[in-house]
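# how would this look folded up:
(2 chains)
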Amino acid sequence: MSLQRPLEMTDEQLHEAILREDASAQRLLYDKFARKMFGVCLRYSKRHDEAEDLLQEGFIKVFQKISSYKREGSLEGWIRRVMVNTALDHIRQQKMLWTDLEDVAEQGDEPVIGDEIGAAELMVELQKLPTGFRTVFNLFAIEGYSHREIGELLGISEGTSKSQYSRARNQLMILVKELNKENTYSTK
Amino acid sequence: MSRFEEQFKNSFDHFEPEVDPKLWQNISQQLPGTPQVPTAGASAGKGILAQLGIKGIAAVITAATLAILGVNYLLNKDENTVQVQAPVIHQEISISDDKMAEEQAEINMPSENSNDEKSSNASIIPSSGNSENKIAVKSNTTDSKTNIEKTLTGTLNQGKGESEMKDSPTPIVSDKKTVAVPTKSNPNTVAQAVNEEPIVKTNPAAAPRPVLILSTKGGFAPLSVTALTNQEGAVNAIFDFGDGKSNSLGATANTVYEDPGTYTVACEVNGVKLEQKVTVFGQVHSAFSPNGDGINDVFVISKDAGITVEIRIFNRFGKMIYSNKGNTISWDGTFEGRFVDTGTYLYDIFATSDGGSTFKQKGTIHLFR
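Now for the predicted structure:
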């Protein structure tokens, strides 16, 4: 089954069509955002199939709750929030034990990620992180939440979020440095 | 926000990986106004679970381990699938004091060939009164539930429980006493458990001897280990994981070992000190991207991990696409000379450490391109 390029419809038109319960509009919306949202789901998952489950569940919620989208922000932003919330639901269900970690020494210079290193490579590195680190890194660095908001989202203290974040960042820097090194060897 | 984070953000903002076309089918079937066709996979999970619940009730009430024996039967029936599927079911029932010691021996000191199975941990926990005929199936993950279901129904597939273990602490919490651990090599445990009538504890003096149970005895870093004692309440249990972490909050505690090594997990409860050893091997990075750019192109287990590994890799339909044995494993993402699709692959490892101890581990590999 090949996905046909959706007709160019604006997000507003799409939204209206879906509210009219136009079944083909649902498919158009899915085709437009599924890949991007799969990228979001992957960031919150440890495994590929976990991300697929999240995407599926997230889109079902999107269609169920689309009437609550009030066009206050972009449609994409709203869908992304539904996906992130779906992921967080799953993480909360794991009932993780969050511990306050001591701050670690900063990893010297920030590595510059080489141009050849794409999102797929970074995703591989991100998925090496433990779930707590990965979640906090995602929420703070990619989604742009504050540590106070993250604390509320995950039921942890602001301080725990900060300490998890600094650990996550450090670990990622080490991973990226290794990646850069590998890259230098392989291009020689 | 510094440049480092910006680079990640920019990169991910434009990341649009391929999505399996079957996902839309699953989604559209669950939308209002479309017929509900049961499908394989996640959407059908609940139904299967409910079914399992009923089976579980029947199994516990009539003969507590019929299902487990069934598992053993299935496992033994087809040797080829044994490696792939050997769930451990911690069945939590009350047993008397002197039996506890025997159970403890079974659980805590498995013989070398029992191949402590860490990947599928599920506990079937009867509700305390049993009057409502309710049973809770507790499990770390949906996947391990699925594993058991699959085994019970005879459809054997690869398990994929390993990585979840790392991320789901406190999988088994119960104020009930413990425990039968049927494994392939010592099915006798099951028989013992069956013969024991559950005893409702009334006299605190008859408390069972303390036992320390670990969710796993070995595996790759980062390794999540949950420790648990059988003491009711156990508010005075103190766990020391030997990695600088200790905990004295309840009957269970968890740690994640980041570094390879052998650790001693100690637990002090009611004045008794218990110890168990855990061996942690170097990390297996389970995601890779064989796209020929020289970065993360190969799935590797290096000899630095200090183990000899026998590995088999399966695709999601259960077809074996790679197998190897040695102290260095490297898979380049090909099968019969062609690159395999992106997605999740399952591995099944039987590992022997340089020190001679063995463990089995199942897990998943992600392949990106």
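
# element containing the residue nearest the centre of chain A, please.
Note on chain A: the residue nearest the mean C-alpha position is A:Val40, at 3.4 Å, using Cα atoms, centre = their mean. Secondary structure from DSSP states H and E places A:Val40 in helix A:23-43.

# quick one: that helix near chain B?
Yes: on the criterion Cβ under 8 Å from any Cβ of the partner chain, helix A:23-43 is in touch with chain B at A:23, A:26-27, A:30, A:34-36, A:38-39, A:42-43. Just so you know, the C-beta spots here come from the backbone N, C-alpha and C atoms, and that holds for glycine as well.

# By neighbour count, which of those residues wins?
Each of those was scored by neighbour count (other Cβ atoms under 10 Å in any protein chain shown); the top score is that of A:Leu42, with 27 neighbours.

# Low-confidence ranges, the chain, go.
Let's take chain A. Judged by pLDDT under 70, chain A has its weakly predicted residues at A:1-8, A:100-107, A:183-188.

# To clarify, I was referring to chain B.
Per-residue confidence of chain B (counting by pLDDT under 70) places the weak regions at B:1, B:32-208, B:231-236, B:248-250, B:303-306.

# Looking at it, which residue is nearest chain A?
Across chain B, no residue is closer to chain A than B:Gly294, which sits at 2.8 Å (Cβ to the nearest Cβ).

# May I have the phi/psi pair for that residue?
B:Gly294 has phi and psi values of phi 80, psi 0 when expressed as degrees, to the nearest 10.

# I'd say it and A:Glu182 touch.
Yes: distance between B:Gly294 and A:Glu182: 7.0 Å, which falls inside the contact criterion (Cβ atoms under 8 Å).

# Next up, the contacts around B:Glu310.
Shown in contact with B:Glu310 (Cβ atoms under 8 Å, 6 or more residues apart in numbering or on different chains): B:323-325, B:349-351.

# Can you tell me which of those residues are also in contact with chain A?
By Cβ under 8 Å from any Cβ, no member of the contacts of B:Glu310 lies near chain A.

# Just the buried subset of these, please.
The neighbour count (16 or more other Cβ atoms under 10 Å in any protein chain shown) marks B:349-351 as buried among the contacts of B:Glu310.

# which stretches of chain A form helices?
According to DSSP state H, chain A carries its helices in the segments A:11-19, A:23-43, A:48-64, A:75-93, A:119-126, A:131-137, A:147-154, A:158-187.

# Just put those in TSV and tack on distance to B:His14.
Listed next are the helices of chain A as TSV, based on distance: least, Cβ to Cβ, whole Å:
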stretch	distance to B:His14
helix A:11-19	18
helix A:23-43	9
helix A:48-64	17
helix A:75-93	13
helix A:119-126	7
helix A:131-137	18
helix A:147-154	24
helix A:158-187	18
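
# among those helices, which is nearest B:Val265?
Checking those against B:Val265 by Cβ to Cβ gives helix A:131-137 as the closest, at 21.3 Å.

# could you say what helices and strands the closest one packs with?
Using 3 or more Cβ pairs under 8 Å, 6 or more residues apart in numbering or on different chains; DSSP states H and E as the contact test, the elements touching helix A:131-137 are helix A:75-93, helix A:147-154, helix A:158-187.

# Looking at the contacts of B:Glu310, which one is closest to A:Leu54?
Ranked by distance to A:Leu54 (Cβ to Cβ), the contacts of B:Glu310 are led by B:Ile349 at 26.8 Å.
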